[in-house]
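Q: here's a sequence, model it:
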Amino acid sequence: MTVSAAEGSLVIDLAVDTSAVMAVLLREPVAEDVLERLCRAVQPAVAAPTRTEILLVALVKLGVIGQERAREFLDQQAGLSHGGLGSGTGRSGR
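A: Sure, this is the predicted structure:
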């Protein structure tokens, strides 16, 4: 999704995928690099289906506490974005 800056919308410059978020949550060796790239991004975004996948993978790998950590991480990232693919904080199933 690319929207002209002249139209008043920001352009998504980083699409965040499940493996990137899980690397951070699992504290894998690449976690620092992932966080660095997220911090440098002007407009990162997580697509709605990816958000769901992240929450499911976190639940399977880390349990309920891990899923909550994933939700908090995603909500924090959404707060840094000003609208993007699925950057809302809807919490279905709660």
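Q: Phe73 contacts Met22, doesn't it?
A: No. Taking contacts as CB atoms under 8 Å, Phe73 lies outside contact range of Met22: 10.1 Å. C-betas here are computed from N, CA, C, even on glycine.
Q: neighbour count for these two, which is higher?
A: Remark: of Phe73 and Met22, Met22 carries more neighbours, 20 against 17, as counted by other CB atoms under 10 Å.
Q: measure the closest residue to that one other than its chain neighbours to Ala45 for me?
A: Spatial nearest neighbour of Met22, excluding adjacent residues (CB to CB, 6 or more residues apart in numbering): Val57 at 5.9 Å. With distances taken as CB to CB, to the nearest Å, Val57 is found 18 Å from Ala45.
Q: what do you get for Ala31?
A: For Ala31 relative to Ala45 (CB to CB), the value is 20 Å.
Q: pLDDT value on Ser81, please?
A: Ser81 is assigned a pLDDT of 54 by the prediction.
Q: ok, now the one 4 residues further on?
A: pLDDT, the model's per-residue confidence, is 41 for Leu85.
Q: output the below-cut-off pLDDT ranges for this structure.
A: Scanning the chain for pLDDT under 70 picks out the ranges 1-9, 80-94.
Q: strands along that one, start to end?
A: Using DSSP state E, the strands found in the chain span residues 14-15, 44-45.
Q: out of these, which one sits most buried?
A: Mean neighbours per residue, mean count of other CB atoms under 10 Å, is largest over these for strand 44-45, with a mean of 22.
Q: walk me through which strands that one pairs with, and which way each runs.
A: In the sheet, strand 44-45 lines up against strand 14-15 (parallel) (DSSP bridges).
Q: hang on, the earlier thing: tell me which of the strands of the chain lies nearest to Arg37.
A: Of all the strands of the chain, it is strand 14-15 that lies closest to Arg37, at 6.6 Å by CB to CB.
Q: centre of the chain to the closest one, how far?
A: In terms of CA atoms, centre = their mean, to the nearest Å, the centre of strand 14-15 is found 9 Å from the chain centre.
Q: same question, stretch 55-72
A: Relative to its chain's centre, stretch 55-72 lies at 13 Å (CA atoms, centre = their mean).
Q: equivalent analysis for stretch 52-72, please.
A: From the chain centre to the centre of stretch 52-72 is a distance of 12 Å (CA atoms, centre = their mean).
Q: done for today, thanks.
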